[in-house]
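A.B. asks: Fold the following and give me the result.
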Amino acid sequence: MYILFDVKGNPILSRNIATCVREFAQGYRRTVQDIIARSQLGISRDIFSHNVAQLMPNFKMTRRGCFHGVKYEQGLVQDPKGQIAACWSACGQDVQQIRAFLAQQSVSRRRMIVDMQTASRGQVITNLRRTFNLLIPVCMGKVANGLVASSKVLFAALPEIAMPIDTIQWRKLFQTNDYGDIITLMSDEITAWEKQTGHLLDSCDPSLDATLPTVYNVMAMKARP
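C.D. replies: You can find the predicted model right below:
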């Protein structure tokens with residue numbers, strides 16, 4: 001565990017995490033808040049398209065590769081090559097099933113990935129892993145293996161449990177190609193950090209639309225080698 005803990009194994013102070021969240025790129029934070037708010041009541045093809053189209057340019061995923069040309073301007077989705085539509089065709093049904101299962105859990109959406117029962121979390125992570133693997137062939141490019149784009153698409157669809165992961169995080173930080181293992185690590189590390197500090201990680205982000213993965217992702221970005 002090395003995202004919420006320092007090299008000596010000590011938990012990072014909650015006030016330091018709050019500072020990191022507060023100082024993180026404002027454009028990204030606004031986009032994430034929009035994505036979480038838009039999908040508050042569920043996920044549909046239209047919501048999925050808006051979320052992916054708004055998020056991908058923010059991650060600079062539209063300059064080249066399979067999402068090249070995707071734009072989100074004045075609330076309108078531009079998907080000239082049908083890439084977002086192809087992603088929905090590959091994972092839409094699975095995403096909706098996962099979202100429906102999450103809606104049945106009697107826990108806060110902000111803390112879904114940690115507070116749901118262990119068996120339910122295991123089932124969700126298994127389903128998330130399968131859905132991620134369905135996206136990889138659709139998101140694969142000439143020089144990209146599809147891992148980065150797939151993780152960002154899932155985050156746009158399921159921000160309460162998924163996390164966007166960039167290239168250096170895959171290769172150097174997490175050192176695995178198994179998306180389910182990373183989500184499991186995130187859940188376990190958050191639980192360990194909260195137990196040792198007595199604080200709730202989501203309290204480090206004062207915005208109403210924060211989720212645990214959004215806070216964890218800020219620290220994972222800072223932890224990159």
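A.B. asks: quick one, strands of the protein?
C.D. replies: In the chain, strands defined by DSSP state E lie at 71-73, 76-78, listed in chain order.
A.B. asks: what's the most buried one of those strands?
C.D. replies: Taking mean count of other C-beta atoms under 10 Å as the contact definition, the stretch among the strands of the chain with the greatest mean neighbour count is strand 71-73, which reaches a mean of 15. Glycine gets a C-beta too; all of them are placed from N, C-alpha and C.
A.B. asks: ok, residue 21 touching residue 202?
C.D. replies: No. Distance between residue 21 and residue 202: 10.1 Å, which falls outside the contact criterion (C-beta atoms under 8 Å).
A.B. asks: who touches both of these two?
C.D. replies: Between them, residue 21 and residue 202 have residue 215 as joint contacts when contacts are counted by C-beta atoms under 8 Å, 6 or more residues apart in numbering.
A.B. asks: thinking again about what came up before, so can I have CSV of the strands of the chain showing mean pLDDT and distance to residue 222?
C.D. replies: Formatted as CSV, the entries for those read as follows, by pLDDT from 0 to 100; distance: least, C-beta to C-beta, whole Å:
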stretch, mean pLDDT, distance to residue 222
strand 71-73, 93, 26
strand 76-78, 95, 31
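A.B. asks: out of these, nearest to residue 115?
C.D. replies: strand 71-73 (31.7 Å; C-beta to C-beta).
A.B. asks: What pairs with the closest one, parallel or antiparallel?
C.D. replies: Looking at strand 71-73 with DSSP bridges, its partner strands are strand 76-78 (antiparallel).
A.B. asks: Distance to residue 171 for the strands of the chain - can I get that in a markdown table?
C.D. replies: Rendered in a markdown table, the data for the strands of the chain read as follows (distance: least, C-beta to C-beta, whole Å):
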| stretch | distance to residue 171 |
| --- | --- |
| strand 71-73 | 29 |
| strand 76-78 | 31 |
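A.B. asks: Which one, of the ones you listed, ends up nearest to residue 147?
C.D. replies: Of all the strands of the chain, strand 71-73 sits nearest to residue 147, with 22.9 Å by C-beta to C-beta.
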